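[1] pasting the sequence and the predicted coordinates here, then a few questions.
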Amino acid sequence: MENIAPTKSNLMSAKATLEFSKKGYELLDQKRNVLIREMMGYVDKAKDIQELINKKFEEAYEALRMANITMGVSTVEEISHTVPENGQFNLLFKSVMGVEVPIVRYDKKQKEPTYSFYQTNTAMDIAFIKFSEIKYLIMEYAEVENAVFKLAMEIKKTQKRANALQNIQIPKYEEIVKYIQDVLDEKDREDFFRLKVVKKKSQRKKAKP
C-alpha cells in the first residue's frame, strides 16, 4: 500500500476497478456455468452414440462372420474393395459463448450396395448396411468429442480467469479501498478535532473582557 496515495481520486479509481472486477467475475461465472451445461449435454450425447456404435459393431461383425462362413473369406475381401472408404461431408461451425464447435453435415441415406448380388447373401447385405451406419455414427461421435474437448478447454481457461479475479484481483482492491477509506476517515476525524480546538480557542478569546 506504500505506493498508493490515500487520496479521494485514488479511492474513486479503486472503487471503480473493484466494481468492474466483481462484474467481470459474475460474467465469467455465468459463462462457465453455460459452458458446463453445454458440455454435459455433449457428454451425454457422446455416451449414447458410443453405446449405439458398440451395438452396431456387434451386429456388423456377427453378420460379417456369417458372410465369411457362407461365402468364403476371399470373396468377402474382394467385395470389400468395392466399398468407398469415405463418405461425403461438410464441416461447419457454430458459436457457443464464443467457442467455435464443429458441426458435421452429411447426406444420411441408405447406401446402395456397390457389389453384385451374384454370389452374395443376406449376411453380406446386413454387414454392408451395419458398417455404413457405423460410419455415420463415427462422424457424429467425432463432432461431439471435438465439441467436448473445445468446451472443456474454454471452461478451464474461464475458470482460471474467474479464480484470478476472485482470489487475487477482488481481494487486492477491497484491501486498497479499505486502506484509503480508513486513512481518509482518520484524516477527517483529525481535521474535525482540530477545527473544534480552533473554534474553542476562538470562543475563549471572544469571552475575555
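    Alright, I've got the coordinates.
[2] now the longest helix along the chain: average pLDDT?
    In the chain, with assignment by DSSP state H, the single longest helix is helix 8-71. Taken as a whole, helix 8-71 carries a mean pLDDT of 93.
[3] immediately after it, which helix or strand?
    helix 73-80 (DSSP states H and E).
[4] what's the next secondary structure element after that following helix?
    Next element after helix 73-80 (DSSP H and E): strand 89-96.
[5] what's whichever helix or strand comes after that next one packed up against?
    Using DSSP H and E, the helix or strand that follows strand 89-96 in sequence is strand 99-106. Packing partners of strand 99-106 (3 or more CB pairs under 8 Å, 6 or more residues apart in numbering; DSSP states H and E): strand 89-96, helix 122-164. Heads up, the C-betas are built off the backbone N, CA and C, glycines and all.
[6] now those as a markdown table including distance to residue 15 and mean pLDDT?
    Shown next, in a markdown table, are the helices and strands packed on strand 99-106 (distance: least, CB to CB, whole Å; pLDDT from 0 to 100):
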| stretch | distance to residue 15 | mean pLDDT |
| --- | --- | --- |
| strand 89-96 | 34 | 81 |
| helix 122-164 | 20 | 91 |
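[7] could those go into JSON lines alongside distance to residue 177 and mean neighbour count?
    Output for the helices and strands packed on strand 99-106, formatted as JSON lines (distance: least, CB to CB, whole Å; neighbours: other CB atoms under 10 Å):
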{"stretch": "strand 89-96", "distance to residue 177": "36", "mean neighbour count": "12"}
{"stretch": "helix 122-164", "distance to residue 177": "19", "mean neighbour count": "18"}
